[in-house]
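A.B. asks: sequence unknown, structure follows:
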């Protein structure tokens with residue numbers, strides 16, 4: 001589907017009140033397969049790949065001097081997608097990067113949302129302590145590909161319960177392959193994420209019902225940052241999962257599905 005001059009991959013499944021799924025950095029709509037399978041019998045589930053990621057196009061000469069896809073651009077894409085498919089008001093589910101997008105929609109275009117679910121995300125900019133490491137990793141990804149970095153990136157994306165479980169060896173191998181399948185142009189999306197601005201001061205504008213879910217094993221966004229997000233959104237609900245890292249929809253689908261079904265039914 002062509003959105004803002006870029007061909008985006010969009011999957012549209014089921015009937016009913018629309019639920020839109022916005023994925024995390026380095027992944028795609030595939031990370032929501034378990035949630036879509038659980039909900040599509042009662043909801044219309046729309047999942048899409050951000051520009052420059054998954055099965056969506058990576059246009060030449062994107063913003064940030066041609067070396068990055070900003071969160072603002074990804075936000076504009078999401079709004080244009082919701083409008084093009086006439087999905088508003090919808091439930092919007094965003095994980096990490098997708099959560100950055102969801103916060104902006106809720107604050108700026110509340111007419112498009114029925115509710116907001118934020119998974120493993122925050123409102124503050126990337127902590128300065130993380131920038132040298134992430135910048136170095138991204139340089140390798142740009143010139144050599146993420147295949148060289150799987151051993152370093154998987155522990156950022158997944159918690160120990162998932163990484164050490166012998167029963168999920170094949171599932172880990174599958175997601176390692178997914179990680180390695182990223183094009184070298186993924187560096188543009190990474191640049192946009194690590195250079196994003198602080199959205200904390202805008203959280204007070206969010207008035208739609210909001211659920212914030214955080215995995216206890218998340219290394220990429222620590223619990224304190226998720227709790228600050230919760231404190232900044234009046235009336236929001238905070239759920240701390242006993243397990244799960246930065247990719248809880250894959251790691252703990254039963255826990256996530258239960259929270260989603262409960263929250264969506266109430267709103």
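C.D. replies: Right, received. Where do you want to start? Note that the coordinates shown come from a computational prediction; the quantities given were computed from them, not determined experimentally. Numbering: from 1, shown residues only.
A.B. asks: how about stretch 248-256: buried residues?
C.D. replies: Buried positions in stretch 248-256, judged by neighbour count with 16 or more other CB atoms under 10 Å: 248-253, 255-256. (Each C-beta comes from the backbone N, C-alpha and C, glycine too.)
A.B. asks: Give me the contact list for that stretch.
C.D. replies: 31-32, 34-35, 38, 95, 119-120, 158-159, 161-162, 171, 175, 213, 215, 218, 241, 243-245 (CB atoms under 8 Å, 6 or more residues apart in numbering).
A.B. asks: rerun that using 6 Å as the cut-off
C.D. replies: Residues from elsewhere that reach stretch 248-256 (CB atoms under 6 Å, 6 or more residues apart in numbering): 31-32, 34-35, 162, 215, 241, 243-244.
A.B. asks: do stretch 164-176 as well
C.D. replies: Counting by CB under 6 Å, 6+ apart, residue 150 sit against stretch 164-176.
A.B. asks: Give me the buried positions along that stretch.
C.D. replies: 168, 172, 175-176.
A.B. asks: of these, closest to residue 27?
C.D. replies: residue 175 (8.5 Å; CB to CB).
A.B. asks: ok, that closest one to residue 251 distance?
C.D. replies: Residue 175 sits 9 Å away from residue 251, going by CB to CB, to the nearest Å.
A.B. asks: Also residue 169?
C.D. replies: Computed with CB to CB, the distance linking residue 169 and residue 251 is 14 Å.
A.B. asks: What of residue 259?
C.D. replies: Counting by CB to CB, the gap from residue 259 to residue 251 is 14 Å.
A.B. asks: thinking again about what came up before, farthest pair within the buried residues of stretch 248-256?
C.D. replies: Top of the distance list for the buried residues of stretch 248-256 (CB to CB): 250 and 255, 11.6 Å.
A.B. asks: Give me the buried positions along stretch 133-147.
C.D. replies: 134, 137-138, 141-142, 145-146.
A.B. asks: can you list contacts of stretch 37-50?
C.D. replies: Against stretch 37-50 from outside (CB under 6 Å, 6+ apart): 8-21, 28-29, 32, 36, 55-56, 74, 257.
A.B. asks: repeat for stretch 186-201
C.D. replies: With CB under 6 Å, 6+ apart, stretch 186-201 has contacts from 25, 52-53, 62, 64, 67-71, 97, 103, 123-126, 134, 138, 141-142, 232.
A.B. asks: Which ones among the buried residues of stretch 248-256 map onto helices?
C.D. replies: Per DSSP state H, helices hold the following members of the buried residues of stretch 248-256: 248-251, 253, 255-256.
A.B. asks: what would the residues you listed look like in TSV with pLDDT?
C.D. replies: Converted to TSV, these look like this (pLDDT from 0 to 100):
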residue	pLDDT
248	98
249	99
250	99
251	99
253	98
255	98
256	99
